[in-house]
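Chemist: Need the 3D shape of this:
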Amino acid sequence: MKGLRWFLPLVILGLGYLGYTAIAATETATQENAASPPPPIVETRVVHPTQHQVVLRAHGEVTPVETTQLSAQVSGEVVAWHPNFVAGGIVKRGDVLFSIEPDNYQAAVLSAEADLASAKASLIEEQAQAAVAQRQAKSLPSSQVTDLYLRKPQVLSAKARVKSAQAALKRAQRDLENCQVTAPYDALVVSRDVGVGQYINAGSPVGVLNSIEAAEVHLPIAGFDTLFLPTPLAGIEVQLTRNGSEPTQRQARLVRDLGIVEQSTRMMRVVVRLDDPYGTQSAKPALPFGSYIEATFKGATLENVFKLPQSLMNNRQVWVVDQAGKLTPRTLRVVRTEGQYIYADQGLSDDDQVVTTLPEFPEPGMTVRVASQVSPEGENE
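Modeler: Prediction:
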């Protein structure tokens, strides 16, 4: 019994030691497992260099190509005016806008015609007398035959009177024609300053017209966009859009740039020409003068650039999964930003895997697992 009493404590101590050892081994394995969690899962997209057509956008106001301050060429009383010759009216090229009393100018034409007929008769008479003198001179000594005897000065004077009478007739006819003031082009009437019964003097302003045969839009181009302007500029198609409850769109074309850079804004301006802005020659929707529009047109073409959402870039860096499955930061050279996308020509290579969902605390060299890959092809801009 004494031996058993000594033996039992030893057994209990041995069992306790074995239990402690098992528990310690289990805790160590648990700590080891906790110290080495699985690599984080990331999503990537494979990128490839591509060609990109730059799209430029600018805003401007529709303005008339030509504005005319009308004035009367002759004096007189206004006897009639066109019903559309009112502010906001549309008149056609050649329409008679208003008429001046023509009686005095018709009389002037008749008088000029009579003066011309008289001058021609005098010329015929002088030419006949010169012919008689020429025949008589044959029987006279040469010393007596002078230009005055042959009536050459008289004939020249008669011819001059004919030319003067012809010029006077042209002036009288022109004055008579100017009694009717016509529209020089299809136009929007801005203002009218005459009325029936009003006496106007030659040169008096009578109204203002804006040509509606064509309009212009001056577009400011920011300095960072000037690098991407198309070459040559003239002839490039432009889409004009006026936003509103019912957006209006028209096609126009670039015609020139103004050739200067504004000192205050460091912008340059290009000019867009829009034919028939009021749609009077077609069924196209009108873009009235003063409309604020957005212009969109194609610029230069970028070669071998990588397109990425801006959200993937931070401080001009993106993360890439290398062939060893580790995170690597890449610094990009961004050449263009459009909407939500950037275009870079340096910093990436063909078939690079750009990370689209990063771990919470990414570090260079971190091992990751790629869950899926998203290719940019077929993506809507």
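Chemist: From here on, just use CA atoms for contacts and neighbour counts.
Modeler: Fine.
Chemist: for stretch 78-88, the distance to its chain's centre please.
Modeler: Mean C-alpha position of stretch 78-88 versus that of the full chain (Cα atoms, centre = their mean, to the nearest Å) differs by 34 Å.
Chemist: correction: stretch 268-286
Modeler: How far stretch 268-286 lies from its chain's middle: 11 Å, per Cα atoms, centre = their mean.
Chemist: buried sites along it?
Modeler: 268-278, 286 (16 or more other Cα atoms under 10 Å).
Chemist: Include pLDDT and secondary structure when you put those residues into TSV, please.
Modeler: Below are those laid out as TSV (pLDDT from 0 to 100; DSSP: H, G, I helix; E, B strand; the rest coil):
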residue	pLDDT	secondary structure
M268	93	strand
R269	94	strand
V270	96	strand
V271	97	strand
V272	97	strand
R273	97	strand
L274	97	strand
D275	96	strand
D276	95	coil
P277	96	coil
Y278	95	coil
A286	94	coil
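Chemist: So what's the residue count around A165?
Modeler: Neighbour count of A165, defined by other Cα atoms under 10 Å: 22.
Chemist: Check whether it really touches A119, as I assumed.
Modeler: Yes: shown here, A165 and A119 form a contact pair, counting by Cα atoms under 8 Å, at 7.0 Å.
Chemist: Where do the helices of the stretch 1-150 of the chain begin and end?
Modeler: Here the stretch 1-150 of the chain has its helices, by DSSP state H, counting those that start in this stretch, at 2-35, 103-136.
Chemist: which stretch in those helices is the model least sure about?
Modeler: Mean pLDDT is lowest for helix 2-35 among the helices of the stretch 1-150 of the chain, at a mean of 58.
Chemist: Low-confidence regions, this structure specifically.
Modeler: Applying pLDDT under 70 to the chain picks out residues 1-36, 143, 145, 147, 149-150, 372-381.
Chemist: Identify the single longest strand in it, thanks.
Modeler: Selection of the longest strand in the chain by residue count, based on DSSP state E, yields strand 292-309.
Chemist: Return the set of buried residues in it.
Modeler: Using 16+ other Cα under 10 Å as the test for burial, strand 292-309 gives 292-300, 302, 304-309.
Chemist: Show me the two of those residues that sit farthest apart.
Modeler: Farthest apart among the buried residues of strand 292-309 by Cα to Cα are Y292 and N304. That separation is 36.1 Å.
Chemist: Quick check: the gap between the most centrally placed residue in the chain and E61.
Modeler: Closest to where the C-alpha atoms of the chain average out (Cα atoms, centre = their mean) is V272, at 3.5 Å. Relative to E61, V272 is positioned 10 Å away (criterion: Cα to Cα, to the nearest Å).
Chemist: next one: A215
Modeler: Distance of A215 to E61, computed by Cα to Cα: 10 Å.
Chemist: Between those two, which contacts overlap?
Modeler: Shared contacts of A215 and E61 (Cα atoms under 8 Å, 6 or more residues apart in numbering): F289.
Chemist: Neighbour count for these two, which is higher?
Modeler: Higher neighbour count among A215 and E61: A215, with 24 against 18, using other Cα under 10 Å.
Chemist: show me the contacts for that one.
Modeler: Contacts for A215 (Cα under 8 Å, 6+ apart) come out as 62-65, 273-277, 289.
Chemist: now Q106, nearest residue through space, not along the chain?
Modeler: Closest residue in space to Q106, ignoring its immediate chain neighbours: L176 at 6.3 Å, by Cα to Cα, 6 or more residues apart in numbering.
Chemist: Make sure that neighbour is indeed in a helix.
Modeler: Yes: membership of L176 in a helix is supported by DSSP: H, G, I helix; E, B strand; the rest coil.
Chemist: neighbours around it, how many?
Modeler: Other residues near L176 come to 21 when the count uses other Cα under 10 Å.
Chemist: Could you do A371 as well?
Modeler: 11.
Chemist: Was I right to think it contacts P39?
Modeler: No: assessed by Cα under 8 Å, A371 is found out of contact with P39, at 11.3 Å.
Chemist: For K298, see how far away the closest residue to the residue nearest to the centre of the chain other than its chain neighbours is.
Modeler: Nearest residue to V272 in three dimensions, chain neighbours excluded: L254, at 4.4 Å (Cα to Cα, 6+ apart). Separation of L254 from K298 (Cα to Cα) stands at 11 Å.
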